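Peer 1: return a 3D structure for these sequence lines:
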Amino acid sequence: MSNRCDTFSGAFVGAAIETQAVLLALLCHRLTVVCREVYPLSEPGLSGDARFEILRTVNEIQHRVSSQLAALLVGSVERYPDDALCKMLELEEHGGIPMVAKSLGWALRNSVQDAKRLNKL
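Peer 2: Numbering: from 1, shown residues only. As a prediction, the model looks like this:
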């Protein structure tokens, strides 16, 4: 597994449901910040096609993460195994878009830091 996911996966895999839900909720919030990075004023050099690809990719990540969060909260067994979710968050799952990889790494690290700050880890 890549370094970007190690801290998140270390905190997530095998953790209590409440802890996993907190991590996923924090990650969902951080992913919205990632999308702000592609606003025209934030990254004026990006083409429209590049913006679309980044937003599409982050939307797919957000879809998987929020789906996992919902499944945890309702007690559904129809969800990704913990380690499979973390693997999906690796660069290879997102077409190798460097900006997404960098931003996703930031979101993963900060989600764990936020959970620690909130005494949820």
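Peer 1: just the element for the residue positioned nearest the centre of the chain, please.
Peer 2: Using CA atoms, centre = their mean, the residue of the chain that lies closest to the mean C-alpha position is Leu27, 5.0 Å off. Taking DSSP states H and E as the definition, one finds Leu27 inside helix 17-36.
Peer 1: beyond that helix, next helix or strand please.
Peer 2: Moving toward the C-terminus from helix 17-36, the first helix or strand encountered (DSSP H and E) is helix 48-74.
Peer 1: mind checking how far Ser111 is from Gly75?
Peer 2: Per CB to CB, to the nearest Å, Ser111 is found 22 Å from Gly75. Every residue, glycine included, has its C-beta placed from N, CA and C.
Peer 1: over to Leu41?
Peer 2: Counting by CB to CB - Leu41 and Gly75 are separated by 42 Å.
Peer 1: neighbour count winner among Ser111 and Gly75?
Peer 2: Using other CB atoms under 10 Å as the criterion, Ser111 and Gly75 rank with Ser111 on top: 25 against 8.
Peer 1: please tell me how far the more buried one sits from Arg56.
Peer 2: Counting by CB to CB - Ser111 and Arg56 are separated by 22 Å.
Peer 1: for the residue nearest to the centre of the chain, which non-adjacent residue is closest in space?
Peer 2: Spatial nearest neighbour of Leu27, chain neighbours left out: Ser111 (4.3 Å); criterion: CB to CB, 6 or more residues apart in numbering.
Peer 1: now the helix or strand harbouring that neighbour: mean pLDDT?
Peer 2: Assigned by DSSP H and E, Ser111 belongs to helix 98-117. The average pLDDT within helix 98-117 is 91.
Peer 1: does anything pack onto that helix? Which helices or strands?
Peer 2: helix 3-12, helix 17-36, helix 48-74 (3 or more CB pairs under 8 Å, 6 or more residues apart in numbering; DSSP states H and E).
Peer 1: same list (these) but as TSV, adding mean pLDDT.
Peer 2: Shown next, in TSV, are the helices and strands packed on helix 98-117 (pLDDT from 0 to 100):
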stretch	mean pLDDT
helix 3-12	74
helix 17-36	96
helix 48-74	94
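Peer 1: all good on my end, thank you.
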